[in-house]
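Asker: requesting a structural model of the entry that follows:
(one chain, ligands or ions: 1)
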Amino acid sequence: MAPYRCYIGLGANLATPEQAIRSALNALAQHPRISAVQCSSLYQSKPMGPQDQPDYTNAVATLQSELAPLELLDLLQQIENQHGRVRNQHWGPRTLDLDILLLYQNNLPLTIQTPRLSVPHPGLELREFVLIPLAEIAPTLDLPSGNSVQWAAANIAKNGLHIIAHPPITSL
Ligand code: ROI
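Answerer: Residues are numbered from 1 along each chain as shown. Predicted coordinates:
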């Protein structure tokens, strides 16, 4: 089976957010069925949703995976759980959130609509903390709207989004 090219959103705003994101990237880079992990800079962002929660640390990573989409989702949820993720309040704070944003196979975009997984991620084009990091690593990618990532990132309100750290190390 042809491998998947995946784009993953990483977010955290409790405990040690930057450490949680770095540790999740390491877990992905070390997985035997994942290769070519590359990450954007780390960003600080204002919370989308309830405002009575800390600012978030966000990044977007891309990787090549031999895991089927639901296997990748299982892995991401396992990594979230290892970082103390508790699913409680809707749009509430979290120690680590790993979202599948986009999936490609043979350079073709995949659409998945199941109770567990929606790809492309429905909130993708509304989130500056996704588009702007994504534009660092994949500016020419086309979004579901037909716009390029670069165009969408240049045309969304930044809402205070700013870089706080260089891209974490990546893997071959
Ligand atoms: N807000 C920001 N800034 N970053 C996130 O990663 C994030 N994740 C979420 C909600 C609660 C929607 N808000 C967010 O799940």
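
Asker: make it CA atoms for all contacts and neighbour counts henceforth
Answerer: Noted.

Asker: can I get stretch 164-172 as CSV, trimmed to CA atoms?
Answerer: Taking Å, rounded to 0.1, in the frame of the first residue of the first chain, the C-alpha atoms of stretch 164-172 are listed here in CSV:
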residue,chain,number,x,y,z
ILE,A,164,8.4,31.4,20.4
ALA,A,165,10.9,28.8,19.2
HIS,A,166,12.8,27.5,16.2
PRO,A,167,11.4,24.3,14.5
PRO,A,168,12.2,21.3,16.7
ILE,A,169,14.6,18.7,15.1
THR,A,170,13.2,16.6,12.3
SER,A,171,13.9,13.1,11.1
LEU,A,172,14.7,11.6,7.7
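
Asker: quick one: mean pLDDT for stretch 34-48?
Answerer: Averaged across stretch 34-48, pLDDT comes to 97.

Asker: got the contact list for it?
Answerer: Outside stretch 34-48, the residues within contact range by C-alpha atoms under 8 Å, 6 or more residues apart in numbering are 18, 25, 28-29, 53-67, 91, 129, 133-134, 136-137, 159-172.

Asker: and if you look at stretch 130-140?
Answerer: 9, 38-43, 58-62, 124-125, 148-150, 152-154.
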